[in-house]
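In: Provide a 3D model corresponding to the input given below.
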Amino acid sequence: MQLRVSAVQYHLHTINSFEDFANQVEHYIKTAEEFDSDFIVFPEFFTTQLMSIGNDKGEALTIQELPNFTEQYRALFIKFAEQYKMHIVAGTHVIRKGDRLYNVAHLFYPDGRVAEQAKLHITPTEVNEWNMSPGETFEVFETEKGKIAMLTCYDIEFPEIVRMAKAKGADVIFCPSCTDDRHGFHRVRYTSHARAIENQVYVVNTGTVGSLPTVDFMRANFGQAVVITPNDIPFPPKGILVEGEINQDMIVTADLNLELLYQVREKGSVTTWRDRRIDLYPDWETK
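Out: Numbering: from 1, shown residues only. Below you'll find the model as predicted:
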């Protein structure tokens with residue numbers, strides 16, 4: 001089984017309307033279509049660009065108002081997934097359930113279905129400044145190209161949840177991210193490499209670039225798209241299939257060969273998944 005993925009280094013800039021947002025999104029999707037991609041992934045918090053539209057006083061919208069775009073967001077990506085026959089990991093969008101806000105990754109299927117995965121681990125900024133709540137459940141999603149998981153940014157820094165994803169059958173971890181400086185960026189990047197090695201999976205990570213000068217906590221972005229592999233002979237020596245140019249508006253594309261994962265899990269230089277000591281530290285699969 002092989003799948004082609006495109007990852008978007010999404011350029012945040014001030015816009016005037018939802019139509020501006022839709023046009024920018026479609027530009028990236030059309031680019032991925034030209035590469036015959038099966039999946040395209042957008043970054044975490046890329047819909048905060050909608051906050052820059054502002055209100056009738058010329059002030060940026062607040063995070064509390066961002067969920068007001070949820071119906072338009074869902075309708076837009078359902079349309080694009082069906083129209084372009086592509087699986088779209090549409091980054092994350094802030095949704096409201098009751099009186100709580102959640103940072104939720106969305107998977108839009110070519111047949112119109114929508115799957116959601118709320119971010120499970122919430123950063124101090126998300127808690128203190130935006131009053132976000134953590135997700136309560138975790139799922140792995142079936143697609144015609146195999147099983148995938150969506151773990152957002154900070155989630156990838158916790159080995160237990162990625163181990164659970166692999167135990168549930170995921171071969172590809174999509175990791176939408178949003179980091180504002182080199183420190184945050186490298187925390188996500190280095191732990192993504194660790195998770196790929198530990199579980200012998202692919203990790204597809206991408207982040208926001210550019211700036212939203214009127215939107216608090218989105219003024220600085222440091223991002224780069226990357227497709228990360230296990231570190232073994234069938235793969236590139238540094239475990240990187242492709243990566244973008246840091247902080248540039250662009251899209252990168254690569255082919256993920258799932259058969260290579262199965263081979264290294266069985267006969268690799270190391271077999272980290274098979275050699276885990278579940279007698280000492282049981283994983284989800286054995287409970």
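In: quick one: the helices in the stretch 51-200 of the chain?
Out: Listed in chain order, the helices of the stretch 51-200 of the chain (DSSP state H, counting those that start in this stretch) span 70-84, 124-128, 159-167, 182-199.
In: Take those and write them to CSV, including mean pLDDT, mean neighbour count and distance to Val25.
Out: Using the backbone N, CA and C atoms, a C-beta is placed for each residue, glycine as well. Below are those laid out as CSV (pLDDT from 0 to 100; neighbours: other C-beta atoms under 10 Å; distance: least, C-beta to C-beta, whole Å):
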stretch, mean pLDDT, mean neighbour count, distance to Val25
helix 70-84, 98, 17, 7
helix 124-128, 94, 13, 23
helix 159-167, 95, 19, 27
helix 182-199, 97, 19, 23
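In: export those to TSV and tack on distance to Tyr28?
Out: What follows is the helices of the stretch 51-200 of the chain, written out as TSV (distance: least, C-beta to C-beta, whole Å):
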stretch	distance to Tyr28
helix 70-84	10
helix 124-128	25
helix 159-167	26
helix 182-199	20
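In: hmm, what's the outermost residue in this structure?
Out: Lys57 (33.6 Å; C-alpha atoms, centre = their mean).
In: hang on, the earlier thing: which of the helices of the stretch 51-200 of the chain sits closest to Val227?
Out: Between Val227 and the helices of the stretch 51-200 of the chain, the shortest gap by C-beta to C-beta is with helix 182-199, which sits at 9.8 Å.
In: Phi, psi for the residue nearest to Pro213 when sequence neighbours are not counted please.
Out: Nearest non-adjacent residue to Pro213, counting by C-beta to C-beta, 6 or more residues apart in numbering: Arg219, 6.0 Å away. The phi/psi pair for Arg219 (degrees, to the nearest 10) reads phi -80, psi -30.
In: nearest residue to Ser269 other than its sequence neighbours?
Out: In space, Ser269 is closest to Asp232, 5.3 Å off (C-beta to C-beta, 6+ apart).
In: The one you found belongs to a helix?
Out: No. Counting by DSSP: H, G, I helix; E, B strand; the rest coil, one finds Asp232 to be coil, located in no helix.
In: OK, contacts around Ser133?
Out: 100-102, 122 (C-beta atoms under 8 Å, 6 or more residues apart in numbering).
In: now, which of these lie within strands?
Out: Of the contacts of Ser133, the ones assigned to strands by DSSP state E are 100-102.
In: So among these, which ones count as buried?
Out: Burial by neighbour count, 16 or more other C-beta atoms under 10 Å: within those this picks out 101-102.
In: List just the nearest of the ones in strands among the contacts of Ser133 to Glu198.
Out: When the ones in strands among the contacts of Ser133 are compared against Glu198 (criterion: C-beta to C-beta), the nearest one is Tyr102, at 27.4 Å.
In: wait, that closest one sits on Met132?
Out: Yes. Between Tyr102 and Met132 a contact is recorded at 6.8 Å, counting by C-beta atoms under 8 Å.
In: returning to that earlier point: who wins for proximity to Ile148 among the helices of the stretch 51-200 of the chain?
Out: Nearest of those to Ile148, taken as C-beta to C-beta: helix 159-167 at 8.8 Å.
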